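Visitor: structure for the following, please:
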Amino acid sequence: MPNYRKLLKFYFQSFLLGVPKIVVGFRTPSGQLTTTQSFQTIQIPRMLREKAGQGTNVMPWNPSLCLAWCHQFLTDLKRTLLTASQTSDNYDDPSIGGNSVKEENHSATSAVVWRVSFIPRKGARVVKLDRPAVAEVMNGEDRMGFIPRWYWNKIMSSTQTSYST
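Guide: Next up is the predicted model:
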């Protein structure tokens with residue numbers, strides 16, 4: 001069985017996207033796949049409660065509590081970004097406004113970039129990056145939002161190819 005903390009990540013990524021079943025691969029320290037196991041997403045919290053009841057060292061988590069935390073975090077994040085956009089300081093913010101993805105190219109000197117980090121047992125932290133930090137994140141790469149442009153172009157061309165066939 002995978003680490004229960006990893007199951008928490010698997011569960012929420014799958015639950016929020018409506019993925020009914022996940023397949024987990026187990027690997028050696030060198031990265032070689034050894035086995036796989038399937039899990040019904042909706043059953044993961046109950047499975048962990050049962051394991052904890054059997055005297056194992058599995059620590060169950062409450063999905064309702066986790067979802068409530070996520071909702072509060074996203075609400076606070078949205079409020080932070082909207083407040084910042086109303087009091088912007090000469091930045092062109094591509095993440096806020098009419099379109100979620102803008103076609104024009106944003107340079108490291110004009111893009112607003114936020115770093116969101118989670119610190120266990122402390123919570124989440126949201127920091128607006130200054131221009132040198134934005135340039136470091138971009139690392140000289142042409143980007144479409146936070147996605148490298150080469151990847152964006154490849155996805156867009158394969159999407160258009162699949163629609164035209």
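
Visitor: endpoint to endpoint, stretch 138-148 covers what distance?
Guide: End-to-end distance of stretch 138-148: 9 Å, with Cα to Cα, to the nearest Å as the criterion.

Visitor: give me the buried positions along it.
Guide: Counting neighbours by 16 or more other Cβ atoms under 10 Å, one finds that the buried residues in stretch 138-148 are Met138, Arg143, Met144. Any C-beta I mention is one placed from the backbone N, CA and C, and that applies to glycine too.

Visitor: turn those into JSON lines, columns for pLDDT and distance to Pro20.
Guide: Rendered in JSON lines, the data for these read as follows (pLDDT from 0 to 100; distance: Cβ to Cβ, whole Å):
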{"residue": "Met138", "pLDDT": "73", "distance to Pro20": "37"}
{"residue": "Arg143", "pLDDT": "72", "distance to Pro20": "34"}
{"residue": "Met144", "pLDDT": "70", "distance to Pro20": "31"}
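
Visitor: out of those residues, list just those in strands.
Guide: Counting by DSSP state E, the part of those found in strands is Arg143, Met144.

Visitor: now the buried residues of stretch 138-148 in CSV, with distance to Thr87?
Guide: Formatted as CSV, those follow (distance: Cβ to Cβ, whole Å):
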residue, distance to Thr87
Met138, 24
Arg143, 25
Met144, 26
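
Visitor: how many other residues sit next to the nearest residue to Leu67 once chain neighbours are set aside?
Guide: Counting by Cβ to Cβ, 6 or more residues apart in numbering, Phe12 is the residue found nearest to Leu67 once chain neighbours are left out, at 7.9 Å. One way to gauge burial is a neighbour count; for Phe12, by other Cβ atoms under 10 Å, it gives 17.

Visitor: repeat that for the one 5 residues further on.
Guide: Per other Cβ under 10 Å, the neighbour tally for Leu17 reads 8.

Visitor: try the one 5 residues further on
Guide: The tally of other residues near Ile22 (other Cβ under 10 Å) stands at 17.

Visitor: and for Pro45?
Guide: The burial count assigned to Pro45 is 19, neighbours taken as other Cβ under 10 Å.

Visitor: pretty sure it sits against Met59.
Guide: No - using Cβ atoms under 8 Å, Pro45 and Met59 do not qualify as a contacting pair, with a distance of 12.0 Å.

Visitor: gap between the nearest residue to Phe39 once chain neighbours are set aside and Cys70?
Guide: Counting by Cβ to Cβ, 6+ apart, Phe39 lies nearest to Ile22, which is 5.3 Å off, once chain neighbours are set aside. For Ile22, the distance to Cys70 equals 18 Å [Cβ to Cβ, to the nearest Å].
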